[in-house]
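A.B. asks: only the shape, not the letters, is given here:
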C-alpha cells in the first residue's frame, strides 16, 4: 500500500475536502508566482550563496530553513511547492535577511508581494499551510461529471462555444477541427542534433468575405542558429525540399482537398510562415488543408541546455470547434523529462522562461499520456491522426515504438491563445 510522503501531513479524522476548481486554479497561479520570484532573488546572489549551506552562512539563518527553500525551488513541481517550502514566517525571515546582501531591492519587493499573496490565500481559505496541503492532495471532485479531456463546468463550456461563434464571425474563417502534430527526436544520422517534424491540418475549414488572410505559422526553437548550415533554410519539406518562396512540397496532398492552393513560404531562425492563396477560395464550402515541414534544431539536446526545458507551442491562429494538439517525443527525451500543459496569452517573443506566471491563463485541458507507437495516436475527432503520424515518421525512418505521445485535446479552444506543452529536464 502506498505510504504518505514524510513531509505531507496525514489527515486528522475525516479526509480533507478538495479545493474547488476555482480555488485550485488560483493556488496554482500563486505557486507559480512564488516560485518565479524566489528563484529570481536567489539567482541574483553569488554562486557560493545559492546552496543551503552558503545561504545559511550569508544570512545567519538556521540551515533547515534554507535547505527547505533551496530544495523546494529545485525539486518541487506545481502545487508540491506549498508542501516543501518554509512557512510564511520563514520566507519573510529569509527575505528580510537578504536586504543589503546582494539581492536587488526590486526583486526582494516582488518576492515579498508573492509571499503576501500566499498568506492571503491561506487566510481566504481559513486554513493553515498544513490544511491547505491536505486539501490540495485530496481526491479531486468533478461536479460537472465531465471527466477527461476537459474539466469545464456547463456554464464555462457554453461561454467557450459563444466565444467560438463570435471569433469565427470576426475572423471570417474557422475549422471543425484544428490538428497540430509534432514529432521530436535525435537525427538518425547524427544523434547529437535534434530534429523536429511538424504537421498542421485544418479539417473542414470554411471562410466567408471579409476574412483574415490564411497564414500558417510555426515557431521552431533553434538552440544555436549559427550551427545551421544556412540560417535561413533550417526548415525543409518532409522530402527535404527547400521551403522558401513557392513551396508546393510543403503541402500534404493526401490529407488536403482539391483544388490545392498556392503556398509561398518565408522563414527565419525562429519561425516559418506559409501563405495560402486560392485562385478562387471555396467560400462557404468546407475543405481540408494540411502542411508539414522538418526543422533541424541545431545544437545540444534540450536536457543539456540552460535552462533544460523543451517547449512545444500551438497558437490557435483561427477559430475551431475542436483542437487536437499532439507531441510524440523520442523515448530518450521522455524518460528524462516531466511533462506539463498550460495556456498563455500569446507572447510573440517566445523566449524560454523558467516560470510563465505573468501570461498564464487558468483552466488548461488535461495533458493526456498516449503511450508509444502509431496506435497511440488514435483520435475520434480526427480519425486520420495515426495515418498522419505514420507519414511523418516514414520520412525519417524512425521506429514508431520509440516515440511516446502526449495530447492536448479540447472543444472550442480559445482563439489567439497559446497552448504550451513543456518538458522539464531538471
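C.D. replies: That came through fine. As the structure is a computational prediction, the values presented were derived from the model and not from experiment. Numbers count the residues shown, from 1 in each chain.
A.B. asks: name the nearest residue to the residue lying farthest from the centre of the chain, ignoring sequence neighbours.
C.D. replies: Checked against the mean C-alpha position of the chain, the extreme residue using CA atoms, centre = their mean is residue 60, at a distance of 39.2 Å. Nearest-residue entry for residue 60: residue 97, 6.8 Å, with adjacent residues in sequence omitted and distances by CB to CB, 6 or more residues apart in numbering. C-beta: built from backbone N, CA, C; applies to glycine.
A.B. asks: what's the neighbour count on the one you found?
C.D. replies: The local packing of residue 97 (other CB atoms under 10 Å) involves 17 other residues.
A.B. asks: that one in helix, strand or coil?
C.D. replies: Following DSSP: H, G, I helix; E, B strand; the rest coil, residue 97 is assigned to helix.
A.B. asks: what of residue 401?
C.D. replies: From three-state DSSP, the assignment for residue 401 is helix.
A.B. asks: what pLDDT does it get?
C.D. replies: As predicted, residue 401 sits at a pLDDT of 96.
A.B. asks: and for residue 74?
C.D. replies: The predicted structure scores residue 74 at 84 on the pLDDT scale.
A.B. asks: quick revisit: wait, isn't the residue nearest to residue 60 in contact with residue 61?
C.D. replies: Yes: with contacts defined as CB atoms under 8 Å, residue 97 counts as touching residue 61 at a distance of 5.7 Å.
A.B. asks: next SSE after the longest strand seen in the chain?
C.D. replies: Counting residues, the longest strand found in the chain (DSSP state E) is strand 190-207. Moving toward the C-terminus from strand 190-207, the first helix or strand encountered (DSSP states H and E) is strand 214-219.
A.B. asks: report the strands that pair with that following strand, each with its relative direction.
C.D. replies: Using DSSP bridges, the neighbouring strands of strand 214-219 in the sheet come out as strand 271-277 (antiparallel).
A.B. asks: for the partner strand, which outside residues touch it?
C.D. replies: Residues outside strand 271-277 that contact it (CB atoms under 8 Å, 6 or more residues apart in numbering) are 213-220, 235, 243, 247, 250, 261-267, 289, 291, 293, 295.
A.B. asks: ChimeraX command for the buried members of those residues?
C.D. replies: Only the buried entries of those go into this ChimeraX selection, using 16 or more other CB atoms under 10 Å:
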select :214,216,218,219,220,235,243,247,250,261,263,264,265,266,267,289,291,293,295
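A.B. asks: just the buried positions in the longest helix along the chain, please.
C.D. replies: In the chain, with assignment by DSSP state H, the single longest helix is helix 21-43. Applying a neighbour-count criterion of 16+ other CB under 10 Å, one finds 21, 23-42 buried in helix 21-43.
A.B. asks: could you do stretch 168-181 as well?
C.D. replies: Of the residues in stretch 168-181, those scored as buried under the neighbour-count criterion (16+ other CB under 10 Å) are 168, 171, 172, 173, 174, 175, 176, 177, 178, 179, 180, 181.
A.B. asks: pull the most distant pair out of those residues.
C.D. replies: Farthest apart among the buried residues of stretch 168-181 by CB to CB are 172 and 181. That separation is 25.9 Å.
A.B. asks: which helices and strands does whatever helix or strand comes next after the longest helix of the chain pack with?
C.D. replies: Helices and strands here follow DSSP H and E; after helix 21-43, the next one along the chain is helix 52-59. Contact analysis of helix 52-59 by 3 or more CB pairs under 8 Å, 6 or more residues apart in numbering; DSSP states H and E lists helix 63-75, helix 88-98 as its packing neighbours.
A.B. asks: redo these as JSON lines? Include distance to residue 205.
C.D. replies: Rendered in JSON lines, the data for the helices and strands packed on helix 52-59 read as follows (distance: least, CB to CB, whole Å):
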{"stretch": "helix 63-75", "distance to residue 205": "45"}
{"stretch": "helix 88-98", "distance to residue 205": "51"}
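A.B. asks: those helices: which one's closest to residue 282?
C.D. replies: For the helices and strands packed on helix 52-59, the distance to residue 282 is smallest for helix 63-75, at 54.2 Å, taking CB to CB.
A.B. asks: which residues touch that closest one?
C.D. replies: 35, 38-39, 42, 50-53, 55-56, 59, 81, 84-86, 90-91, 93-94, 426.
A.B. asks: how about 7 Å then?
C.D. replies: Residues outside helix 63-75 that contact it (CB atoms under 7 Å, 6 or more residues apart in numbering): 35, 38-39, 42, 51-53, 55-56, 81, 84-86, 90, 94.
A.B. asks: what residues sit buried inside it?
C.D. replies: 65, 66, 67, 68, 69, 70, 72, 73.
A.B. asks: let me have those in CSV, extended by distance to residue 109.
C.D. replies: Output for these, formatted as CSV (distance: CB to CB, whole Å):
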residue, distance to residue 109
65, 21
66, 21
67, 25
68, 23
69, 18
70, 21
72, 21
73, 19
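A.B. asks: which of the residues you listed sits closest to residue 284?
C.D. replies: So of the buried residues of helix 63-75, ranked by how close each gets to residue 284 (CB to CB), first place is residue 73, at 54.4 Å.
A.B. asks: how close does the closest one sit to residue 97?
C.D. replies: Distance, residue 73 to residue 97, using CB to CB, to the nearest Å: 17 Å.
A.B. asks: same check, this time on residue 345
C.D. replies: From residue 345 across to residue 97, the span is 36 Å (CB to CB).
A.B. asks: before we move on, what about residue 82?
C.D. replies: Plainly put, residue 82 is 22 Å away from residue 97 if you go by CB to CB.
A.B. asks: what of residue 289?
C.D. replies: 59 Å.
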